[in-house]
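Mind folding the following:
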Amino acid sequence: MHKDIATPKRTKEILDKYGFSFKKSLGQNFLIDTNILRNIVEYGEVSEKTAAIEIGPGIGALTEQIAKRAGKVFAFEIDQRLLPILEDTLSPYDNVTVIHKDILKADVTELIGEELKAYEEVRVIANLPYYVTTPIIMKLLQEGLPLKSITVMLQKEVAERMAAKPGTKEYGSLSIAVQYFTQAETVMIVPKTVFVPQPNVDSAVIRLVVREEPPVRVKDEDFFFEVVRASFGQRRKTILNNLQSNLPDGKAKKQGIEAALANTSIDPKRRGETLSIEEFGALSDELFPLFKTETA
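Now for the predicted structure:
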C-alpha cells in the first residue's frame, strides 16, 4: 500500500527528491493534510460515474484522493517542472491524465466532448492558484460547459464574495456573476497552517452547483452583466449615479435611467449592493432599449 502524498513528511521527500522550488508567480501552495483533501472530494460528490477536471495538481496530493473515487481525472498543470513528479507520484492510478496546458487557454469544451462521453457527469475539483481564481471560475461558467458542480479551494475572502447575499459588504458584481450560473455555498474554512509554503491568508472551500436555468431570464446576458458592473462602479454611490457614470453616454440618458428605475420600483437612492439578482434582471431589461437598440 503506497503512502498518501499529502503528509508533511512525504511532501518533503518528494520535493527534496526532485529539488523542487516553489514559484511565487504560479501561486504554488501545497496541502499537507489528507483529511482536508478527502473532505474536498466528499463535498465534490465524486463517484465512479464522475469524470473530474482538476486545475493545478501540484505534486498530486488532491489528484490522488480524487482518483481513488472518480471514474477518470483530467488534471491541467501549467508548470512543466511538475510533470515528471506527477508521473511518479500518480503512477499507482491508471485513471489520471495530466494535461500540460494553461486552463485559461485550453479548449475544455472539446476535451469534454471527446474524452468524457463514457461518464454520466463532469465535475471540477481543485485547489486553485489564488492569483487566477476568478478568471478560471468565470471561464468555466461562461463557456456553458456541461458541468454538474465546481468545488474549489480558494482565498477565504474571495469565497465569501462569491457566496455573498444582497445587503452585505461582500456582495458585488462577482457574487451576482457566480450566482447567476450556480448556487454557491462555502462548505469549509481551511487554515493557512496546512499548506507549504504557508500563504498569508486563510482559505475556504466553495461548492458551486451549476444551475439548469439562471434565476432570472434576461433579454441580453452581456448587457445584464454590463449593468451589474456599472452599478458597483463606486460602491458609495447610488444606483442612479453609478449607472449615469459607468454606462456609455449615461449622463445624457439620465431621464431614461430614472424612468427605468421608476418602472422597476427601484429607489434611485439605493446602492448597488442592496439589489437582488432579480432586480438587476428587471432593470437591465428596462434599460436595454435605451442603450442597445440605437447601436444595434
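
wait, what's in contact with Leu116?
Ala51, Lys72, Phe74, Val122 (Cβ atoms under 8 Å, 6 or more residues apart in numbering). In this view, the C-beta of every residue, glycine as well, is placed from N, C-alpha and C.

Which of these fall within strands?
Using DSSP state E, the subset of those located in strands is Ala51, Lys72, Phe74, Val122.

Would you mark the buried spots in the longest helix along the chain?
Longest helix in the chain, counting residues (DSSP state H): helix 277-291. Within helix 277-291, the residues that count as buried by 16 or more other Cβ atoms under 10 Å are 277, 279-288, 290-291.

try stretch 113-129
Leu116, Tyr119, Glu121, Val122, Arg123, Val124, Ile125, Ala126, Asn127, Leu128, Pro129.

same thing with stretch 192-206?
Val194, Phe195, Ser203, Ala204, Val205, Ile206.

Give the lowest-confidence helix or strand of this structure, using mean pLDDT as the measure.
strand 195-196 (a mean of 83; mean pLDDT, DSSP states H and E).

which helices and strands sit right next to that one?
helix 8-18, strand 30-31 (3 or more Cβ pairs under 8 Å, 6 or more residues apart in numbering; DSSP states H and E).

Could you save these as JSON lines and add columns showing distance to Gly233?
As requested, those are exported to JSON lines (distance: least, Cβ to Cβ, whole Å):
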{"stretch": "helix 8-18", "distance to Gly233": "44"}
{"stretch": "strand 30-31", "distance to Gly233": "37"}
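
which stretch among those comes nearest Leu111?
For the helices and strands packed on strand 195-196, proximity to Leu111 was assessed by Cβ to Cβ; strand 30-31 is nearest, at 25.0 Å.

hmm, who's touching the longest helix of the chain?
176, 179-180, 215-220, 223-224, 226-228, 231, 243, 247-249, 253, 256-257, 260-261, 263-264, 266, 275.

ranges for the helices of this structure?
Going by DSSP H, the chain shows helices at 8-18, 34-43, 61-69, 83-89, 108-115, 133-142, 156-162, 173-181, 221-231, 239-246, 254-263, 277-291.

Distance to Val96 and mean pLDDT for these - can I get that in TSV?
As requested, these are arranged in TSV below (distance: least, Cβ to Cβ, whole Å; pLDDT from 0 to 100):
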stretch	distance to Val96	mean pLDDT
helix 8-18	16	90
helix 34-43	14	95
helix 61-69	5	96
helix 83-89	8	95
helix 108-115	13	86
helix 133-142	20	94
helix 156-162	27	95
helix 173-181	28	96
helix 221-231	35	96
helix 239-246	46	96
helix 254-263	52	95
helix 277-291	38	96
